[in-house]
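[1] Pasting the sequence and the predicted coordinates here, then a few questions.
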Amino acid sequence: MFDELRKRISGAIKGFIKKEEEKPAGGAAAGAGPEAKRGGERGVDINLSAGTKIKGAFLGEIKLSQKDIDNFIEDLEPQLLQSDVSYKAAEALLARLREMLKNANFKSKTMKEDMLEYVRRALFELLGESKEGVDLIGFIKTRISSGNVPVKILFIGPNGTGKTTTMGKIASMLKQDGIDSVFSASDTFRAAAIEQTEHHAKAIGVPVIKSSYGADPPSIAFDAIAYSKAHNIPVVLIDTAGRQETNKNLVNEMLKMVRVAKPDMTIFVGESTSGNALANQIAEFSAHMKIDGIILTKLDCDAKGGNAISIAYTAGIPILFFGTGEAYGSLKRYSDDFVVNSILPK
Ligand SMILES: Nc1nc2c(ncn2[C@@H]2O[C@H](COP(=O)(O)OP(=O)(O)O)[C@@H](O)[C@H]2O)c(=O)[nH]1
Ligand SMILES: [Mg+2]
């Protein structure tokens with residue numbers, strides 16, 4: 001989880017500091033001239049070259065020259081891109097970092113830790129701009145206490161991303177808070193999908209409304225909603241079939257589902273491991289229907305981790321949860337803190 005991103009960011013910082021330390025003294029003397037003076041109103045604007053580093057060590061404070069900042073940003077950018085951070089998110093992050101570094105004073109002893117702290121701050125700033133997601137469980141509780149039930153949640157997304165499993169995780173989470181739900185086994189397309197939904201329903205202890213393979217998915221959702229009303233079950237969780245690509249049939253089926261079930265919330269379930277394809281999938285789905293939130297699954301299998309940042313920053317749709325394993329308990333509510341501290345723990 002985020003391992004590659006963490007390693008690559010730390011590696012870029014270490015490499016940058018090491019490179020600067022290894023600069024030959026001769027080159028340093030030349031570099032110390034104009035670079036050292038640039039923007040030097042504080043008197044400690046020092047190019048991190050060997051000659052000026054003595055001054056830096058002496059003064060105990062280092063200010064990076066423009067050239068040093070440029071070098072570092074150039075080192076860092078490909079590392080971010082290779083960890084699945086999208087170009088747009090990487091550019092935005094680096095622009096913030098660049099501004100921060102311009103005004104930064106470093107202690108020579110804690111240079112590495114200080115640099116890491118600046119990257120953390122830039123990440124917090126970037127994620128702070130992304131759209132804040134609703135607290136799904138809180139939303140459901142508010143609806144229940146105002147008697148506005150059933151609350152209908154629709155799960156959509158490509159094949160195999162974890163829709164059914166995630167639906168189970170949400171049901172389990174609700175159950176822990178004493179809230180009942182009913183499943184609509186509306187994936188009538190994929191082999192064994194109905195049995196899989198029944199398996200989860202049994203394990204969690206919730207009813208499931210099902211039909212046969214090939215049956216009309218919205219009509220099953222319709223029945224599940226009727227069942228919830230008849231049995232006083234406040235939440236209906238509606239599964240759907242995914243396809244590897246969105247196609248016209250699937251879109252029509254989805255639109256019919258939205259018309260019939262009138263979901264209160266439509267959640268896109270996507271795999272964080274699917275790299276740059278994920279942003280396209282989200283864009284394709286949201287071209288046809290309103291997506292209220294994203295659940296990013298398989299973060300535990302995602303060695304790179306950059307997609308969490310890309311999607312949070314770029315999609316314009318909030319991430320509600322991360323799936324971090326196959327167990328029902330492995331659903332982590334999204335927070336900027338969780339992302340930044342998982343990438344770069346303090
Ligand atoms: N490691 C891991 N596996 C997951 C996660 N979410 C789902 N899965 C697994 O992904 C596979 C496909 O999940 P499924 O719910 O059937 O996907 P669906 O086709 O979208 O309904 C199953 O083996 C799940 O156990 C997750 O967060 N982490
Ligand atoms: Mg499924």
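    Looks like it arrived, so ask away. Ligands and ions are numbered 1, 2, ... in the order given.
[2] CA atoms for contacts and neighbours, from now on please.
    Will do.
[3] show me where pLDDT drops low in the stretch 1-150 of the chain?
    Along the stretch 1-150 of the chain, the parts satisfying pLDDT under 70 run over 20-60.
[4] Quick check, the residue in it closest to ligand 1?
    Across the stretch 1-150 of the chain, the shortest distance to ligand 1 (CA to the nearest ligand atom) belongs to residue 1, at 10.6 Å.
[5] Walk me through the domains of the chain.
    3-128, 136-335 (automatic domain parsing).
[6] if I look at the residue nearest to residue 323 when sequence neighbours are not counted, how far off is residue 66?
    When the adjacent residues along the chain are set aside, residue 323 lies closest to residue 297, with 4.0 Å between them (CA to CA, 6 or more residues apart in numbering). Applying CA to CA, to the nearest Å, the value for residue 297 to residue 66 is 40 Å.
[7] between those two, who's got more neighbours?
    Using other CA atoms under 10 Å, the more surrounded residue of residue 297 and residue 66 is residue 297, with 27 against 19.
[8] pLDDT score assigned to the more buried one?
    At residue 297, the model reports a pLDDT of 97.
[9] Please determine how far it is located from residue 180.
    24 Å.
[10] Near ligand 1, which residues of the stretch 1-150 of the chain are found?
    Within the stretch 1-150 of the chain, no position is adjacent to ligand 1 by CA under 6 Å from any ligand atom.
[11] just the strands in the stretch 1-150 of the chain please.
    61-62, 106-107 (DSSP state E, counting those that start in this stretch).
[12] what's the residue lying closest to residue 330 once chain neighbours are set aside in contact with, if anything?
    Spatial nearest neighbour of residue 330, chain neighbours left out: residue 324 (5.1 Å); criterion: CA to CA, 6+ apart. The neighbours of residue 324, taking CA atoms under 8 Å, 6 or more residues apart in numbering as the test, are 297, 298, 299, 300, 330, 331, 332.
[13] let's see 10 Å
    1, 296, 297, 298, 299, 300, 301, 302, 330, 331, 332 (CA atoms under 10 Å, 6 or more residues apart in numbering).
[14] for residue 299, same thing?
    Applying CA under 10 Å, 6+ apart, the residues contacting residue 299 are 1, 2, 271, 272, 273, 305, 307, 308, 322, 323, 324, 325.
[15] Once you drop chain neighbours, what's closest to it?
    residue 324 (5.1 Å).
[16] Same check on residue 208?
    Take residue 208 and drop its neighbours on the chain: the residue closest to it by CA to CA, 6+ apart is residue 183, 4.6 Å away.
[17] tell me what the host helix or strand of the one you found is packed against?
    Using DSSP states H and E, residue 183 sits within strand 181-184. Judged by 3 or more CA pairs under 10 Å, 6 or more residues apart in numbering; DSSP states H and E, strand 181-184 is in contact with strand 151-156, helix 163-176, helix 193-204, strand 208-209, helix 217-230, strand 235-238.
[18] circling back: give me the phi and psi for the residue nearest to residue 323.
    Here is the backbone geometry of residue 297 (degrees, to the nearest 10): phi -90, psi 170.
[19] Identify the bridge partners of it.
    residue 271 (DSSP bridges).
[20] Any idea what the residue nearest to residue 208 is bridged to?
    Beta-bridge partners, per DSSP bridges, of residue 183: residue 208, residue 237.
[21] and it, what pLDDT?
    98.
[22] Residue 207 is in contact with that one, correct?
    Yes - using CA atoms under 10 Å, residue 183 is in contact with residue 207, at 6.4 Å.
[23] Quickly list what's touching both of those two.
    Counting by CA under 10 Å, 6+ apart, the residues touching both residue 183 and residue 207 are 198, 200, 201, 224, 228.
[24] Pick out the most distant pair among the residues you listed.
    200 and 228 (18.0 Å; CA to CA).
[25] hang on, the earlier thing: looking at the helices and strands packed on strand 181-184, spot the one closest to ligand 1.
    helix 163-176 (3.6 Å).
[26] Now do the closest one against helix 193-204, angle only.
    20 degrees (axes from the mean of the first three to the mean of the last three CA atoms, to 10 degrees).
[27] what angle sits between helix 163-176 and strand 151-156?
    Using the same axes, to 10 degrees: helix 163-176 against strand 151-156 is 150 degrees.
[28] how about helix 163-176: buried residues?
    163, 164, 165, 166, 167, 168, 169, 170, 171, 172, 173, 174 (16 or more other CA atoms under 10 Å).
[29] which one of the helices and strands packed on strand 181-184 is the most hemmed in?
    strand 235-238 (a mean of 28; mean count of other CA atoms under 10 Å).
[30] And that strand, how far out from the chain middle?
    24 Å (CA atoms, centre = their mean, to the nearest Å).
[31] circling back to that earlier point, list phi and psi for the residue nearest to residue 330.
    According to degrees, to the nearest 10, residue 324 has phi -120, psi 20.
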